[in-house]
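In: coordinates only, sequence not included:
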């Protein structure tokens with residue numbers, strides 16, 4: 001059974017940092033890309049970052065230079081390090097399993113809330 005579980009969300013002040021984790025089970029992480037998406041109230045779900053199975057990385061322009069994605073296949077975990085966070089980063093963050101090219105997503109976690117507020 002394919003499962004993805006996000007954790008690490010919470011309340012953080014503007015300019016602060018937070019690290020999200022995506023723990024996976026039921027499949028071999030080595031063969032898949034993992035994407036991080038977010039959805040704020042009233043907005044569509046948007047791609048934040050994706051890390052392919054060969055280490056290629058994409059970032060949304062809005063988070064470049066502030067967020068860093070990484071993975072450890074043996075630990076079955078993908079992380080999203082969020083730094084210099086802004087109020088606009090407030091959203092529910094989801095991780096999703098993708099084809100190796102970060103194009104087609106087929107399984108999602110339940111999401112973790114990130115709130116940036118002073």
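Out: On my side now, so go ahead. Just so we're clear, the structure is a prediction, and the values are computed from it rather than from any experiment.
In: Backbone torsions only: list them for residue 33.
Out: Backbone torsions of residue 33, given as degrees, to the nearest 10, read phi -90, psi 160.
In: so what's it bridging to?
Out: residue 98 (DSSP bridges).
In: Hmm, residue 102 and it touching each other?
Out: Yes: assessed by C-beta atoms under 8 Å, residue 33 is found in contact with residue 102 at 4.6 Å. C-beta coordinates here come from the backbone N, C-alpha and C atoms, glycine included.
In: Just give me the neighbour total for the residue lying closest to residue 83 once chain neighbours are set aside.
Out: In this structure, residue 83 finds its nearest non-sequential neighbour in residue 17, 4.7 Å apart by C-beta to C-beta, 6 or more residues apart in numbering. Residue 17 sits with 12 neighbouring residues when counted by other C-beta atoms under 10 Å.
In: got it, and residue 114?
Out: Using other C-beta under 10 Å, residue 114 has 23 other residues around it.
In: Go ahead and confirm it touches residue 12.
Out: Yes: using C-beta under 8 Å, residue 114 is in contact with residue 12, at 7.1 Å.
In: quick check: mean pLDDT across stretch 70-90?
Out: The predicted model assigns stretch 70-90 a mean pLDDT of 97.
In: mind listing what's buried in it?
Out: By neighbour count on 16 or more other C-beta atoms under 10 Å, the buried set for stretch 70-90 is 71, 76, 77, 78, 79, 80, 82, 85, 89, 90.
In: Next: stretch 95-108.
Out: So for stretch 95-108, counting by 16+ other C-beta under 10 Å, buried means 95, 96, 97, 98, 102, 105, 107, 108.
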